[in-house]
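A.B. asks: Need coordinates for the following:
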Amino acid sequence: MKKIGADKPKLQELGRIDDRISFLYLEHAVVNRQDSAIKVEDSTGIIYIPVAIIGVLLLGPGVDVTHRAMELIGDSGAAVLWVGEHGVRQYAHGRALGHSSKLLELQAKLVSNTRTRIAVARKMYQKRFPTEDVSQLTMQELRGKEGSRIRRVYREWSKKTGVEWTRREYNHDNFESSTPINKALTEAHQALYGLCYSVVAALGASPGLGFIHTGHDLAFIYDFADLYKAEFSIPTAFEVVAAYGDDNIADRTRWAMRDKIRDSKLIVKMVADLKDLLGDDDTRNADIINLWDDKEGLQKFGVQYHEFGDDDS
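C.D. replies: Numbering: from 1, shown residues only. Now for the predicted structure:
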């Protein structure tokens, strides 16, 4: 049988997550495969995208994607999220780059113990208050401190840009009912969530095992994204509204976030932050599978073991 398309790339041949561009949002388009690129066709024409350089692909309403395209995307290690209009809902996701469970096991161990869970949560807050010591604060005190910080950030950017600010509010079911700044914030935060998801999944951690947020399959994504909102999504939203008002706010905000993420090399920082939070400095053993033993430790996978005393000779 004749083989169609390029060979599946080896894991070592794929671009590292911190070398990839952040995200690509598509809607009302047909996505197919052309050799080692995805072919995207919509009402404006056709473009070809080397999918191995993408961190996360956000598929919005009206997207038809072929099996061959998904095969290439999966082989290339790009995260895939099926989202609602303007990215305000996530419906499903696909497997990403990481094959190792090392970071996942570290995360599960940390989140399952109250002492270590609080320690990781405090480390997350410490990254937001680098000049203060938060090591002795309770979770209630940390939440209050963070709430005050975010309210202050909103006020500062409102004053700096001249965009009126009252409060954060949005309607999942009616994006257009919000004020321009709230619509921009929703778009900017959703882009940030998608990027956080791609990094977390690519390195093999769990989106659902949160340390601060809990009870949701994206709890850790919300934890992780909160590290960057004050520096990335909030300023971007205010700047876009100040420059364009309510004109094409969704697209303009996504474009601005993409540029800011690229120029700041945020993905590189995210990778370093994630490893620091979970206490891992090496995730290279991506293809190693072992068998667990409570007495003998890790045992080789792919070996036919025998009962004691069993002799096939």
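
A.B. asks: Quick check: buried residues in stretch 134-153?
C.D. replies: Val134, Leu137, Leu142, Glu146, Val153 (16 or more other C-beta atoms under 10 Å). In short, each C-beta sits where N, CA and C put it, glycine included.

A.B. asks: residues in contact with that stretch?
C.D. replies: By C-beta atoms under 8 Å, 6 or more residues apart in numbering, the residues outside stretch 134-153 that reach it are Ile118, Ala121, Arg122, Tyr125, Gln126, Arg128, Phe129, Ile212, Asp226, Lys229, Ala230, Ile234.

A.B. asks: Could you look up the SS state of Phe23?
C.D. replies: Three-state assignment for Phe23 (DSSP: H, G, I helix; E, B strand; the rest coil): strand.

A.B. asks: How about Pro130?
C.D. replies: What three-state DSSP gives for Pro130 is coil.

A.B. asks: Distance check, Arg149 against Val240.
C.D. replies: To Val240, Arg149 is 22 Å away according to C-beta to C-beta, to the nearest Å.

A.B. asks: can you give me the helices for the protein?
C.D. replies: Under the criterion DSSP state H, the chain carries helices at the ranges 67-76, 102-111, 114-128, 139-161, 180-202, 219-225, 233-244, 249-264, 266-278.

A.B. asks: For the stretch 151-300 of the chain, which residues score under the pLDDT cut-off?
C.D. replies: Low-confidence segments of the stretch 151-300 of the chain (pLDDT under 70): 281-290, 297-300.

A.B. asks: whoops, the stretch 1-150 of the chain was the one
C.D. replies: 1-22, 85-99.

A.B. asks: wait, isn't Thr161 in contact with Gly245?
C.D. replies: No - here Thr161 lies out of contact with Gly245, judged by C-beta atoms under 8 Å, at a distance of 11.7 Å.

A.B. asks: Neighbour count: the two, which is higher?
C.D. replies: Thr161 (18 against 12; other C-beta atoms under 10 Å).

A.B. asks: That one and Arg252, how far apart?
C.D. replies: Counting by C-beta to C-beta, the separation of Thr161 from Arg252 is 14 Å.

A.B. asks: Over to Glu231?
C.D. replies: Distance from Glu231 to Arg252, by C-beta to C-beta: 19 Å.

A.B. asks: Domains in the chain, by residue range?
C.D. replies: By the assignment in the TED database, the chain contains the domains 20-99+283-307, 102-278.

A.B. asks: For the helices of the chain, state which one has the densest average packing.
C.D. replies: Ranked by mean neighbour count, these are led by helix 180-202 with a mean of 26 (mean count of other C-beta atoms under 10 Å).

A.B. asks: now that one against helix 139-161, angle please.
C.D. replies: Between helix 180-202 and helix 139-161, the angle comes out at 130 degrees (axes from the mean of the first three to the mean of the last three C-alpha atoms, to 10 degrees).

A.B. asks: now for helix 180-202, which elements pack on it?
C.D. replies: Secondary-structure packing of helix 180-202 (3 or more C-beta pairs under 8 Å, 6 or more residues apart in numbering; DSSP states H and E): strand 21-26, strand 54-59, strand 79-83, strand 90-93, helix 219-225, helix 233-244, helix 249-264, helix 266-278.

A.B. asks: What are the contacting residues of the fifth one?
C.D. replies: Outside helix 219-225, the residues within contact range by C-beta under 8 Å, 6+ apart are 107, 124, 189, 192-193, 196-197, 199-200, 205-213, 216, 233, 270, 273-274.
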